[in-house]
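Would you be able to build a 3D model of this:
(2 chains)
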2 protein chains.
Amino acid sequence: MEKLGANPANSIPLTPLGFLERAATVYGDCPSVVYHDTVFTWSQTFRRCLRLASALVSLGISRRDVVSVLLPNVPAMYEAHFGVPMSGAVLNSVNTRLDARTVSVLLRHSGSKLVLVDPALLPVLDDALRLLPTGHPAPRVVVVEDPHEKELPSTPATALTTYERLLETGDPEFAWVRPESEWDPIVLNYTSGTTSAPKGVVHCHRGIYLVALDSLVTWSVPERPTYLWTLPMFHSNGWSFPWGMAVVGGTNVCLRRVDAGEVYNLIAERGVTHLCCAPVVLNMLANAPEGVRKPLPRKVRIMTAGSPPPAAVLYRAEAVGFDVTHGFGMTETGAVVLSCAWKGEWDRLPASERARLKARQGVRTPGMAEVDIVDGETGRSVPRDGATMGEIVLRGACVTLGYYKDGEATRAAIREDGWLYTGDVGVMHPDGYLEIRDRSKDVIISGGENISSVEVESVLYGHPAVNEAAVVARPDEFWGETPCAFVSLKDGAPATTTAAEVIAWSRERMPGYMVPKTVVFQGELPKTSTGKIQKNVLRKLAKEMGPTRRGVVGSSKM
Amino acid sequence: MEKLGANPANSIPLTPLGFLERAATVYGDCPSVVYHDTVFTWSQTFRRCLRLASALVSLGISRRDVVSVLLPNVPAMYEAHFGVPMSGAVLNSVNTRLDARTVSVLLRHSGSKLVLVDPALLPVLDDALRLLPTGHPAPRVVVVEDPHEKELPSTPATALTTYERLLETGDPEFAWVRPESEWDPIVLNYTSGTTSAPKGVVHCHRGIYLVALDSLVTWSVPERPTYLWTLPMFHSNGWSFPWGMAVVGGTNVCLRRVDAGEVYNLIAERGVTHLCCAPVVLNMLANAPEGVRKPLPRKVRIMTAGSPPPAAVLYRAEAVGFDVTHGFGMTETGAVVLSCAWKGEWDRLPASERARLKARQGVRTPGMAEVDIVDGETGRSVPRDGATMGEIVLRGACVTLGYYKDGEATRAAIREDGWLYTGDVGVMHPDGYLEIRDRSKDVIISGGENISSVEVESVLYGHPAVNEAAVVARPDEFWGETPCAFVSLKDGAPATTTAAEVIAWSRERMPGYMVPKTVVFQGELPKTSTGKIQKNVLRKLAKEMGPTRRGVVGSSKM
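Numbering: from 1, shown residues only, chains lettered A, B, ... in the order given. As a prediction, this is how the structure comes out:
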């Protein structure tokens, strides 16, 4: 058997791009992409993507060139996930919430050749282009006009063309460019690190093909779902579901901006069955006021990931009627690679206990090879005691090729021992389910005890008046650090909700050393462009408050 | 991006073996394998498979050694799909319906080191071992005793041990042997060609991992199905579902032999939701007499493949209440790789029309790269006209590594143009769905017209008195060949069902040149060990009848 191996028929590179051709055959007349009164079918989407690929090639885009998109969840954004790599190019999805300076850095770093841009983002792009260093070739600009939006800037004379005019120049029978190897790059996504410089995460055709199938199996997605695009597609390529929806012939309901009322309307009007979102959006949906929230006409499945959802948020979302699956993924893994796979026996537990179990990140998805939690010093697995913290490490086919032009960062994350080091700290429970306790840097060390800020936040979210909570370290003269909580309250929270009350309430629910010594009330917590709470900002605030002194608890209103 | 590629974290070999470890974590207390009153949980199955792997290693089995199984669908057969490759060995599933001579040929060709055998198959194995040439090292024999079966031969003194005693020697904490490369062999399956010598089809870990996930997505298998093992696991590894069931935590209901009454009983008692079977078994279930057939307590999904199912059989199965998916696969593709993906709009068609559409083999599964029908002479795609015949060719990750020790056969099937040539003849319909018309050798050429025997059979199955039909070529003095039909009738078929009546009935339903000139009634049609009708036997019979003469129609009762 030594002689048998890869051969011409079984070694054709794995790629998700073939999913679309099949969808056009099987689901040709079914809706593919819906946006207001625009409805495309799968055979139309296939031909539009071929036109896009063909037009890009005609413009001189070639294999491994980078094409950027600066788009909300409009049809062109969906099409770019197939059309751009079908030209041989690498798709670079840019976070639409970035400022011009950062966009400029990314365009320069990626060497982007062309940008598809939404009219609303033209001012940012214009500024970004102006900030490019002299002599740096500016990418060409194609404006994706949106007839459904009023008061958008009009296409400037400097733009090469509009998206629809570009498509008209393309050939709908174009023979799309297959990767030469399944390890060829398909996407380049910059991480929106809260502290460090953006890093360009590169994924290959093989990794995306596998994670797209894996995500469908993990979430048991049936044929022909109706999928609402609450999750920005620029966010880790919508956790692989742009490609996955072509596999199952789903209907992609586009959504320019997330608004609880609009989401509930679309669920009712479009027959939405599935959506993904970060916990912050889940919280928004679950806590939407009575009039905004509408009864769900059928079971709506939600996958939430991106940061650890507090158990209380999961509890409220289930109470509203959502069927929530909690997962964990990173830009570096392409999509969700851990999921809190549900056990039938848990159905019999009280709702609060169910939410607590579901708040765990869980087990690897079937497609991933291995996950573990290792001690930072010894590199050995931590005991399965639900208490000993260590770093979460992963290996499997969907792990990034590495960071673009950053060998040092690549070697720091992907080590010779075969693991991707996630930088997330967690514990392994006796049942083999893991739970994130913190980002390494978010651990608060108080009197020699490691405190997980996520754990403290998780309790605070259970307070009836708390809307959002974030806990960071505040310097302390005696303990070194103490937990400092930043809290936003719900509308109509009673006046009795004081710092002292929250602290007293916490004291009943966690060990003394974990109880926040400081509680700061804020209107809204500062967030990154992807909706993550900016702990670095809060850490700075906590530091500026100066050290707490033994026995003193503080509070302030900002 | 040239520098980025495979790295230590993303290049860990793809393998289906990891599915079991995950199942033990997620579905640990859920039933995995059920056989009469024996019920294993997933954590038990995991530990039993580790014991098996460990025990095999202790016996000296090492990487790439072949371990054979000669077993019906009992729990040990399921466990072998994980336990054998977890020792590093290659699993060779032997068709339990083969004669001693053929078994002997396979054991010799594969160089099998050990055989797990069912007591009922001991006599065949004993004879097979005696037929091995002098000096050929005989594989060791482990008997899988079955406490649920009475009157089985007892374990002979020559056997090494019994399966349960072997497991006792194994370590349930064994660190299973990972493949060194994802292209390493995992299974060796001999095809039961109806005419030619058996060929050893080898699949690798990568191919099986991918086709197992692909099959789950193709069939939209949800979590925790109850899967009835009507399909022999020795038949192309049960179309990959032994591995797939570990992904979704299904309950594997074992079944030693297929009997319509038993199948209906298990559907009712065990809550069966899914099963696979060849069309011949589908026919048996659909046509089971009133008392044997029981109302289905819920929707039962059936995947049928292996040979083209007549539309009439699909129609009857749906009428009984089964939800049938029709697919196509070969030993060389590991599992189903074409499936007649259903379109919602077809639901509105009359039942007979629905059955006709469903009888087509359809489109490639999402995991497969490409399928085409090519002209044998030019190698070019045939037109999508539903009429022009050509050979079906496939490419994709689950295509076999090749035939063991048979470079010539490998090169004949897997050509330099990157296609696996299936030997099946079909047409491409205008909607992109393909339909098998015949095995190349089964085409009847009559007066220069190519006649698909499958097409003629498909019409004959619609005759109310026909149970089974097979059509082959009979020599003809004028036309060269004419279609000759072998037919078995249903119990209680009316006496008016004569050859002349069947021919007249056919004449109303197909072009004149396709109408059988000869109709032979038989009690039962001869079948191969896998339940395929032995066309080679019938062809011989047709030849022995001598040539038909112009205008003469013949009939005989055998």
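
in which helix or strand would I find A:His109?
Assigning secondary structure by DSSP states H and E places A:His109 in helix A:100-110.

Test my guess that A:Arg256 contacts A:Leu71.
No. Counting by Cβ atoms under 8 Å, A:Arg256 stays clear of A:Leu71, with 9.6 Å between them. Placement of C-beta: from N, CA and C, glycine included.

of the two, who's got more company?
Comparing A:Arg256 with A:Leu71 by neighbour count (other Cβ atoms under 10 Å in any protein chain shown), the higher total belongs to A:Leu71, at 27 against 19.

Could you pull up the residues touching the nearest residue to A:Ile12 once chain neighbours are set aside?
Among residues not flanking A:Ile12 along the chain, B:Ala369 sits closest, at 4.5 Å (Cβ to Cβ, 6 or more residues apart in numbering or on different chains). Shown in contact with B:Ala369 (Cβ atoms under 8 Å, 6 or more residues apart in numbering or on different chains): A:12, A:18, B:395-397.

ok, 10 Å please
Residues near B:Ala369 by Cβ atoms under 10 Å, 6 or more residues apart in numbering or on different chains: A:9-15, A:18, A:178, B:337, B:394-399, B:418.

circling back: which element is encountered next along the chain beyond the helix holding A:His109?
strand A:114-117.

Would it be right to say that A:Asp424 lies in a strand?
Yes. Under DSSP: H, G, I helix; E, B strand; the rest coil, A:Asp424 falls within a strand.

Can you get me a residue count around the closest residue to A:Pro119 other than its chain neighbours?
Excluding its sequence neighbours, the residue lying closest to A:Pro119 (Cβ to Cβ, 6+ apart) is A:Leu152, at 3.8 Å. For A:Leu152, the count of nearby residues is 16 (other Cβ under 10 Å).

Which residues are in contact with each of A:Arg256 and A:Leu71?
Common contacts of A:Arg256 and A:Leu71, defined by Cβ under 10 Å, 6+ apart, comprise A:77, A:118, A:120, A:146.

Which single one of those is nearest to chain B?
Nearest to chain B among those: A:Met77, at 22.3 Å, using Cβ to the nearest Cβ.

For that closest one, which three-state class applies?
Per three-state DSSP, the secondary structure class of A:Met77 is helix.

A:Asn283 versus that one, what's the distance?
25 Å (Cβ to Cβ, to the nearest Å).

Who has more neighbours out of these two?
A:Met77 (27 against 22).

residues contacting that one?
Neighbours of A:Met77 in contact, by Cβ under 10 Å, 6+ apart: A:33, A:69-71, A:93, A:96, A:116, A:118, A:144, A:229, A:232-234, A:238, A:242, A:252, A:254, A:256.

and the closest residue to chain B within the stretch 251-400 of chain A, how many residues sit next to it?
Using Cβ to the nearest Cβ, the closest approach of the stretch 251-400 of chain A to chain B is made by A:Val399 at 3.9 Å. Counted with other Cβ under 10 Å, the neighbours of A:Val399 add up to 29.

For the helix with the most length in chain A, buried residues please.
Across chain A, the longest stretch assigned as helix under DSSP state H is helix A:42-58. Buried residues in helix A:42-58, counted by 16 or more other Cβ atoms under 10 Å in any protein chain shown: A:42-57.

roughly how far out does that helix sit from the chain middle?
27 Å (Cα atoms, centre = their mean, to the nearest Å).

helix or strand for the residue nearest to A:Pro119, which one?
Per DSSP H and E, there is no helix or strand for A:Leu152.

Confirm for me that it is in contact with A:Val117.
No. The criterion here is Cβ atoms under 10 Å, and A:Leu152 misses it with A:Val117 at 11.3 Å.

excluding its backbone neighbours, what's nearest A:Arg256?
Excluding its sequence neighbours, the residue lying closest to A:Arg256 (Cβ to Cβ, 6+ apart) is A:Pro72, at 4.7 Å.

Report the contact partners of the one you found.
Applying Cβ under 10 Å, 6+ apart, one finds that A:Pro72 lies in contact with A:96, A:118, A:120-121, A:144, A:146, A:149, A:229, A:232-234, A:254-258.

same question, A:Leu167
A:47-52, A:54-55, A:76, A:79, A:83, A:142, A:161.

So which residues of the stretch 251-400 of chain A form helices?
Secondary structure of the stretch 251-400 of chain A by DSSP state H, counting those that start in this stretch: the helices cover A:260-270, A:279-286, A:311-320, A:351-358.

Now render those helices as a markdown table, adding distance to A:Thr548 and mean pLDDT.
Listed next are these as a markdown table, based on distance: least, Cβ to Cβ, whole Å; pLDDT from 0 to 100:
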| stretch | distance to A:Thr548 | mean pLDDT |
| --- | --- | --- |
| helix A:260-270 | 37 | 96 |
| helix A:279-286 | 29 | 89 |
| helix A:311-320 | 27 | 90 |
| helix A:351-358 | 30 | 88 |
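
so what pLDDT did the residue nearest to A:Ile12 get?
The model reports B:Ala369 with a pLDDT of 96.

Would you point out the most distant pair within the contacts of A:Pro72?
With Cβ to Cβ as the measure, no two of these lie farther apart than A:Val144 and A:Val258, at 19.1 Å.

of those two, who's got more company?
Taking neighbours as other Cβ under 10 Å, A:Val144 and A:Val258 compare with A:Val144 leading, 24 against 21.

pretty sure the more buried one contacts A:Leu125?
No. Taking contacts as Cβ under 10 Å, A:Val144 lies outside contact range of A:Leu125: 11.7 Å.

Between the two, which contacts overlap?
The contact lists of A:Val144 and A:Leu125 share A:70, A:117-118, where a contact means Cβ under 10 Å, 6+ apart.

Could you dump the residues you listed into CSV with neighbour count and distance to chain B added?
As requested, these are exported to CSV (neighbours: other Cβ atoms under 10 Å in any protein chain shown; distance: Cβ to the nearest Cβ, whole Å):
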residue, neighbour count, distance to chain B
A:Leu70, 27, 21
A:Val117, 28, 23
A:Asp118, 25, 26
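
In CSV: those, plus pLDDT.
Output for these, formatted as CSV (pLDDT from 0 to 100):
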residue, pLDDT
A:Leu70, 98
A:Val117, 97
A:Asp118, 97
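
Just send those residues back as a markdown table, with distance to B:Trp219 too.
Conversion of these to a markdown table gives the following (distance: Cβ to Cβ, whole Å):
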| residue | distance to B:Trp219 |
| --- | --- |
| A:Leu70 | 39 |
| A:Val117 | 41 |
| A:Asp118 | 39 |
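
Pull up the distance across stretch A:244-256, start to finish.
With Cα to Cα, to the nearest Å as the measure, the ends of stretch A:244-256 fall 20 Å from one another.

Can you give the distance from that stretch to the centre of its chain?
Computed by Cα atoms, centre = their mean, the chain-centroid distance of stretch A:244-256 equals 17 Å.

now stretch A:148-156
28 Å.

what are the ranges of the strands in the stretch 251-400 of chain A?
For the stretch 251-400 of chain A, the strands defined by DSSP state E, counting those that start in this stretch occupy A:251-253, A:274-277, A:300-304, A:322-329, A:336-339, A:363-364, A:370-374, A:390-395.

Give me the sheet partners of the third one and which way each runs.
Here strand A:300-304 has these sheet partners by DSSP bridges: strand A:274-277 (parallel), strand A:322-329 (parallel).

buried sites along stretch A:164-177?
Buried residues in stretch A:164-177 (16+ other Cβ under 10 Å): A:166-167, A:170, A:174, A:176-177.

What is the nearest of these to chain B?
Taking Cβ to the nearest Cβ as the measure, chain B sits nearest to A:Trp176 out of those, at 12.3 Å.

Would you confirm that that closest one contacts A:Ala89?
No. A:Trp176 lies out of contact with A:Ala89 (Cβ under 10 Å); the separation is 11.5 Å.

Between these two, which contacts overlap?
Shared contacts of A:Trp176 and A:Ala89 (Cβ under 10 Å, 6+ apart): A:53, A:57, A:83.

out of these, which touch chain B?
Filtering the shared contacts of A:Trp176 and A:Ala89 for proximity to chain B by Cβ under 10 Å from any Cβ of the partner chain leaves nothing.

Any chance of these in CSV with pLDDT as columns?
Shown next, in CSV, are the shared contacts of A:Trp176 and A:Ala89 (pLDDT from 0 to 100):
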residue, pLDDT
A:Ala53, 98
A:Val57, 98
A:Gly83, 98
